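Novice: Take a look and give me a structure for this.
(one chain, ligands or ions: 1)
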Amino acid sequence: MNMVSEIKGKHLWFDGCDTVELAKEFGTPLYVYSKTDIVSRIAELKECWIKPYPKNRIAYAAKAFCCMGMYKLCENEGISMDVVSGGELYTAMKAGINPAKLEFNGNNKLPKELEAAIDYGVERIVIDGVQELELIESICKKLGKKTDILIRVTPCVEVDTHDFIVTGRKDSKFGLNIEPEFIFPYVKRAIDSEYVNFHGFHFHLGSQLFDVKPFLDATAVMLQLMKDTREKFGFVCDELNIGGGPGVTYINEERPPYRYFYDPVLEKVEAFCKAEDYPMPAMICEPGRSIVAEAGLQLYTVGMTKEVIGIRKYAAIDGGMPDNIRPALYGAKYKGIVANRADEPADETVTICGKCCEGDSDMIIKDAPFAMPKTGDIIAVFSTGAYGYSMANNYNRNPIPGVILVEKGKAEWMVKPQTYEQMICCDVIPESLK
Ligand SMILES: Cc1ncc(COP(=O)(O)O)c(C=O)c1O
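Specialist: Next up is the predicted model:
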């Protein structure tokens, strides 16, 4: 349970709202986000990242949870946002976000996506592909515009997390190779380009990280790159982006405070700048998961229950892998509770399974302690705010559930539930089949 969850009477409450009432009013399955939690994470981050260096930036990685309301919340809190596709960019623009608050990442940005980003005038484009500089230059030439860029490199640092979310190792689809014979000619081209303003480097190590050492190792690699760039070309980088990655609590992991990662990184950069007489660059971080994961709760209603005697007790919910694919994708684990009987002891071992035509991959929680769920009970699953809604899909033609934002007892829609009508709106029956 996170900072805004509490048990009052028989029910689970979340940011001042009775979750059982939320389920009744908004229906299930339902994603619930606590504004109090998100705002306090951003405040904690600003305190250690922006306060000591007001030029520093936080760019919330929208891939973790993307919708117009979330962009607006970030803008209201005064932080930038990192987008990775034309769709994320479009969503931000439709939310009325100032494009000068958007950073554009992605290892294979499409020409039309880059064109839109340059036309809108995003704050930074992070080059992440060998041919991208040339492509950006040709678009800038066509539009008569200049754009601001960083270059993402692969720092070749290993991290301890799930293989699927490691991105900073040498063999990665992300980032440019850091070998001197490749990277320096590329950097020189960027410095000399009449179409881009080159600011510096970017790296991203991976996600759900708990150790600061890889951040420090990768920062050291970047500082050397900045030093070499000055020595070779007389060019001083004025920005360094260290990506996202801080880990969160799902089961028993202890979420480190932001200071654990970011104080030593800033100290390392400060020490380098002092020793090398290098102007302190603006530092950018791009956390996604750590801003929204624990602020999210999913609510489901129990339908069928089943006991395989001597083996397992199942409770089937009205959602599953389409609304949270992380257990199937990464073997992700969650904690849950029967929200309408939250005061009862969790004295049974229960598997919360979905309603899809998949077996073990459609289990949201496997073999975990619960009060035995009954038909009609509400199941709450904690820490589901990151990469759940944003990866939701229509498998088995299940509509994507709605999202509500709650704060101190008030609840409002953030995304309405998808309807069957909307789900089929792009279907076309070919003439030849009629
Ligand atoms: C470039 C980049 N920045 C930031 C993030 C966000 O990482 P996290 O959600 O672990 O903070 C990602 C995640 O994939 C990423 O690829």
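Novice: outside of the helix or strand residue 125 falls within, which residues touch it?
Specialist: Per DSSP states H and E: residue 125 is located in strand 124-127. Here strand 124-127 makes contact (C-beta atoms under 8 Å, 6 or more residues apart in numbering) with 103-106, 109, 114, 117-118, 133, 136, 147-152, 176, 190, 199, 202, 239, 241. All C-beta atoms are positioned from the backbone trio N, CA, C, and that covers glycine.
Novice: List the contacts of residue 337.
Specialist: 1, 12, 346, 370, 379-380, 382.
Novice: hmm, try it at 6 Å
Specialist: By C-beta atoms under 6 Å, 6 or more residues apart in numbering, the contact list for residue 337 reads 12, 380.
Novice: repeat for the one 3 residues further on
Specialist: Contact partners of residue 340, counting by C-beta under 6 Å, 6+ apart, are 20, 377-378.
Novice: mind redoing it with 8 Å?
Specialist: The neighbourhood of residue 340, defined by C-beta under 8 Å, 6+ apart, consists of 10-11, 20, 377-378.
Novice: quick one on the thing from earlier: by contact count, what packs against whatever helix or strand comes next after the strand holding residue 125?
Specialist: As assigned by DSSP H and E, the chain's next helix or strand after strand 124-127 is helix 132-143. Judged by 3 or more C-beta pairs under 8 Å, 6 or more residues apart in numbering; DSSP states H and E, the packing partners of helix 132-143 are helix 111-120, strand 124-127, strand 147-152, helix 180-192, strand 196-202.
Novice: Please identify the buried residues of the host helix or strand of residue 214?
Specialist: Taking DSSP H and E as the criterion, residue 214 maps to helix 213-233. If you call a residue buried by 16 or more other C-beta atoms under 10 Å, then helix 213-233 has these buried ones: 214-219, 221-223, 225-226, 229.
Novice: Tabulate those residues (a markdown table), appending distance to the ligand.
Specialist: Converted to a markdown table, those look like this (distance: C-beta to the nearest ligand atom, whole Å):
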| residue | distance to the ligand |
| --- | --- |
| 214 | 13 |
| 215 | 12 |
| 216 | 17 |
| 217 | 17 |
| 218 | 13 |
| 219 | 15 |
| 221 | 16 |
| 222 | 14 |
| 223 | 19 |
| 225 | 17 |
| 226 | 19 |
| 229 | 21 |
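Novice: Please identify which of the residues you listed is nearest to residue 397.
Specialist: The nearest member of those to residue 397, counting by C-beta to C-beta, is residue 214 at 41.6 Å.
Novice: Residue 220 is in contact with the closest one, correct?
Specialist: No. In this structure residue 214 lies outside contact range of residue 220 using C-beta atoms under 8 Å: 10.6 Å.
Novice: how close does residue 380 get to residue 174?
Specialist: 35 Å (C-beta to C-beta, to the nearest Å).
Novice: Ok, residue 228 next?
Specialist: 21 Å.
Novice: again with residue 25
Specialist: 42 Å.
Novice: what about those two, which has more around it?
Specialist: A count of neighbours by other C-beta atoms under 10 Å puts residue 174 above the other of residue 25 and residue 174, at 21 against 12.
Novice: List phi and psi for the more buried one.
Specialist: Per-residue torsions, residue 174: phi -100, psi 150 (degrees, to the nearest 10).
Novice: so which of the helices and strands packed on helix 132-143 is the most packed in?
Specialist: strand 124-127 (a mean of 25; mean count of other C-beta atoms under 10 Å).
Novice: Report the rounded mean pLDDT for that strand.
Specialist: Strand 124-127 shows a mean pLDDT of 98 in the predicted model.
Novice: Can you list the strands that it pairs with?
Specialist: The pairing partners recorded for strand 124-127 under DSSP bridges are strand 102-104 (parallel), strand 147-152 (parallel).
Novice: at contact distance from the ligand, anything in it?
Specialist: No. Under the criterion of C-beta under 6 Å from any ligand atom, the ligand is not reached by strand 124-127; the shortest gap measures 7.2 Å.
Novice: Convert the C-alpha atoms of that strand to PDB, please.
Specialist: Only the C-alpha atoms of strand 124-127 are listed here, as PDB (Å, rounded to 0.1, in the frame of the first residue of the first chain):
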ATOM      1  CA  ARG A 124      14.700  19.000 -27.800                       C
ATOM      2  CA  ILE A 125      15.000  16.100 -30.300                       C
ATOM      3  CA  VAL A 126      17.200  13.300 -28.900                       C
ATOM      4  CA  ILE A 127      19.000  11.800 -31.900                       C
END
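Novice: And it, how far out from the chain middle?
Specialist: For strand 124-127, the separation from the chain centroid amounts to 18 Å (computed by C-alpha atoms, centre = their mean, to the nearest Å).
Novice: Contact partners for residue 175?
Specialist: Listed by C-beta under 8 Å, 6+ apart, the contact set of residue 175 reads 107, 128, 152-155, 167-168, 202-204.
Novice: Likewise for residue 205?
Specialist: 155, 157, 159, 166-168, 214-215, 218, 243, 245.
Novice: Repeat the analysis, applying 7 Å as the threshold.
Specialist: By C-beta atoms under 7 Å, 6 or more residues apart in numbering, the contact set of residue 205 is 157, 159, 167-168, 214-215, 218, 243, 245.
Novice: cool, and residue 103?
Specialist: 59, 80, 82, 122-124, 126 are the contacts of residue 103 under C-beta under 7 Å, 6+ apart.
Novice: among those, which two are most distant?
Specialist: Once C-beta to C-beta is applied, the contacts of residue 103 give 80 and 126 as the farthest pair, at 12.3 Å.
Novice: Just want the phi and psi numbers for the single nearest residue of the stretch 251-400 of the chain relative to the ligand.
Specialist: Among all residues of the stretch 251-400 of the chain, residue 288 sits closest to the ligand, at 3.0 Å; criterion: C-beta to the nearest ligand atom. Residue 288 has phi and psi values of phi -120, psi -70 when expressed as degrees, to the nearest 10.
Novice: With the one 4 residues further on instead?
Specialist: Backbone torsions for residue 292, taken as degrees, to the nearest 10, come to phi -120, psi -20.
Novice: The stretch 51-200 of the chain against the ligand: which residues are in contact?
Specialist: Within the stretch 51-200 of the chain, the residues that sit near the ligand (C-beta under 6 Å from any ligand atom) are 61, 64, 82, 105, 167.
Novice: Out of these, which is nearest to residue 389?
Specialist: residue 64 (9.4 Å).
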